[in-house]
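>>> below are the sequence and a predicted model; questions follow.
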Amino acid sequence: MVVGTGSDAGKSAVVAGLCRALARRGVRVAPFKAQNMALQSAVSVDGAEVGRAQAVQAEAAGVAVEAAMNPILLKPTGERTSQVVVLGRPWAVLDAAAYRAARAELAPLVLDALADLRARFDVVVCEGAGSATEINLLDGDFVNLGLAARAGLPAVVVGDIERGGVFAGLHGAVTLVPPALGRQVAGFVVNRFRGDPGLLAPGLAELTARTGVPVLGVLPWLEGLALDAEDSLSVELGPLPEAAGGSGALDVGVVRFPRAANLTDLDPLRLEGSVRLRWVRRGGELGRPDLVVLPGTKATVADLAWLREVGLVEALAAARRAGTVVLGICGGYQMLGQEIHDEVESGSGRVPGLGWLPVRTVFEPTKLTRQRRGRLAGPGAEALGGPLAVEGYQIHHGRVRPLDEPSGQRAEAWIALASLDEGTGAEVQPEGAADLEGGVLGTTLHGLLEADALRQGLLGFVARRRG
């Protein structure tokens, strides 16, 4: 088990690295995280929703991600509540107190999922959540050292020296918890060290002398480690690093919704040398970018209200008139339509959308989670570079549908899709809506931009439109 001195200590990357190293040695290995709090998620082939970090770790292990690898996923819906996803399916929306009361019911499920993986794999590398020393949460813990004790797992504690206080954090992971939990700690790892590890030797020796726990290694700072990360409602991601594209790069503004979800959709753009990606939080920050992305969100109606409050609707409309292309993904796509009818997520009923695409969204109680594949279709295929392959995944309560009555707007589906698990004879369904003349595209597909040819086709369309 890999636990940490705090959030973002590098647990996910260490687990991914261990999975990869073991897989290269011919060991059948799987990742596991009992409870994940993240708005970055992925979908398995059978439609189970799991944390994005576990999907990356499974890829590193060379196996398909499955619900057992992340039996509980908490997706924040507000400052105090989260949707609880259990074994890949929505289970309840709870506040912190209600979730704490539910932990006793969920613990056996977590242990069963871990036991199932241990029966099928040679090694399971487990990841803790947050800090292993959250002494206010130790009662009934099945996520950090509590899980290690219940399942008989040796634990490695990872500390991030980049943030400072690494010796205190590692020492506290053993001494602040009850002795039965402290005894599960089999080793320390210092992460993200810059410089000569020899300079740490006196401190590491003193740490081992005080705790009786060996330091297993010092991991170096790795520049540009582009592994998908987790996030929570409280994490501020800060500005995205600018690409080295220089003045000729496409300027891409990303609207930073308060409850933005699946921001890993943006990683393919962030890693493009011809793109400069930047966050936009206020109307005055938008300017006239070449492309604006409205990403997914866990609270579509609330974030649409925020979009209006901060002056971004007017700024986006002005940018559109100047030739800016707008791409909406999932919740961002829902906002682009004429109307959102939501009695499920927000309970707001009918809410007017931006009105830029002739679609409406109706929220349904059942969350749709599935992988999809297809190809570009119609005018979208011609504008974006031909009948290119499309692949992605869907996670939403809101179903986007064409308007019942013609609105006079010119837009049509630009993707033809089938579910990955429906076979080659499956009926192909239209997906998304595009007003190419008006420069507005929307899709429910996450991961769409990971396909190189499609992403380059979209950027080429934007570049030609902007001259």
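The structure has been received and is ready for your questions. Residues are numbered from 1 along each chain as shown.
>>> what's the longest helix in this protein?
Of all the segments of type helix in the chain, defined by DSSP state H, the longest one is helix 96-120.
>>> gap between that helix and the chain center?
Going by C-alpha atoms, centre = their mean, to the nearest Å, the spacing between the C-alpha centre of helix 96-120 and its chain's C-alpha centre is 22 Å.
>>> and that helix, which residues are buried?
Of the residues in helix 96-120, those buried under the neighbour-count criterion (16 or more other C-beta atoms under 10 Å) are Tyr99, Ala102, Arg103, Leu106, Ala107, Val110, Leu111, Ala113, Leu114, Asp116, Leu117, Arg118. Placement of C-beta: from N, CA and C, glycine included.
>>> who are the packing partners of it?
For helix 96-120, the packing partners by 3 or more C-beta pairs under 8 Å, 6 or more residues apart in numbering; DSSP states H and E come out as strand 29-33, strand 72-76, strand 81-86, strand 89-95, strand 123-127, helix 145-151.
>>> pLDDT of it, averaged?
On average, the pLDDT along helix 96-120 is 95.
>>> out of the helices and strands packed on helix 96-120, which comes closest to Gln54?
If you check each of the helices and strands packed on helix 96-120 against Gln54 by C-beta to C-beta, strand 29-33 wins as the nearest, at 5.4 Å.
>>> sheet-wise, list the partners of that closest one with their directions.
Strand pairing for strand 29-33, determined by DSSP bridges: strand 123-127 (parallel).
>>> so what's the closest residue to Leu145 other than its chain neighbours up against?
Excluding the flanking residues, the one nearest Leu145 by C-beta to C-beta, 6 or more residues apart in numbering is Leu181, at 4.1 Å. Leu181 makes contacts with Leu138, Leu145, Gly146, Ala148, Ala149, as judged by C-beta atoms under 8 Å, 6 or more residues apart in numbering.
>>> recalculate using a threshold of 7 Å.
Contact partners of Leu181, counting by C-beta atoms under 7 Å, 6 or more residues apart in numbering, are Leu145, Gly146, Ala149.
>>> which of those residues has the most neighbours?
Leu145 (28 neighbours; other C-beta atoms under 10 Å).
>>> how close does that one sit to Met1?
Applying C-beta to C-beta, to the nearest Å, the value for Leu145 to Met1 is 8 Å.
>>> what's the answer for Pro295, then?
33 Å.
>>> same question for Val292.
With distances defined as C-beta to C-beta, the gap from Val292 to Met1 amounts to 43 Å.
>>> could you give the separation of the helix or strand containing the residue nearest to Leu145 from the chain centroid?
When elements are assigned from DSSP states H and E, Leu181 belongs to helix 179-182. How far helix 179-182 lies from its chain's middle: 33 Å, per C-alpha atoms, centre = their mean.
>>> list the buried residues for it?
Residues of helix 179-182 classed as buried by neighbour count (16+ other C-beta under 10 Å): Leu181, Gly182.
>>> could I get the CA-only coordinates of it as CSV?
This file holds the C-alpha atoms of helix 179-182, laid out as CSV (Å, rounded to 0.1, in the frame of the first residue of the first chain):
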residue,chain,number,x,y,z
PRO,A,179,0.6,1.9,17.4
ALA,A,180,-1.4,-0.8,15.5
LEU,A,181,-1.6,1.4,12.5
GLY,A,182,2.0,2.7,12.8
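>>> next, count neighbours for Ala261.
Ala261: 26 surrounding residues under other C-beta under 10 Å.
>>> from Ala13, how far out is it?
Spatial separation of Ala261 from Ala13 under the definition C-beta to C-beta is 21 Å.
>>> give me the element the residue of the chain most remote from its centre is part of.
Seen from the C-alpha centroid of the chain, the residue lying at the greatest distance (C-alpha atoms, centre = their mean) is Ala209, 39.9 Å away. In this structure, Ala209 is located in helix 201-211 according to DSSP H and E.
>>> tell me the gap between the helix or strand following the helix holding Leu181 and the middle of its chain.
Reading on from helix 179-182 to the C-terminus, the next helix or strand found by DSSP H and E is strand 185-193. With C-alpha atoms, centre = their mean as the basis, strand 185-193 stands 26 Å off its chain's centre.
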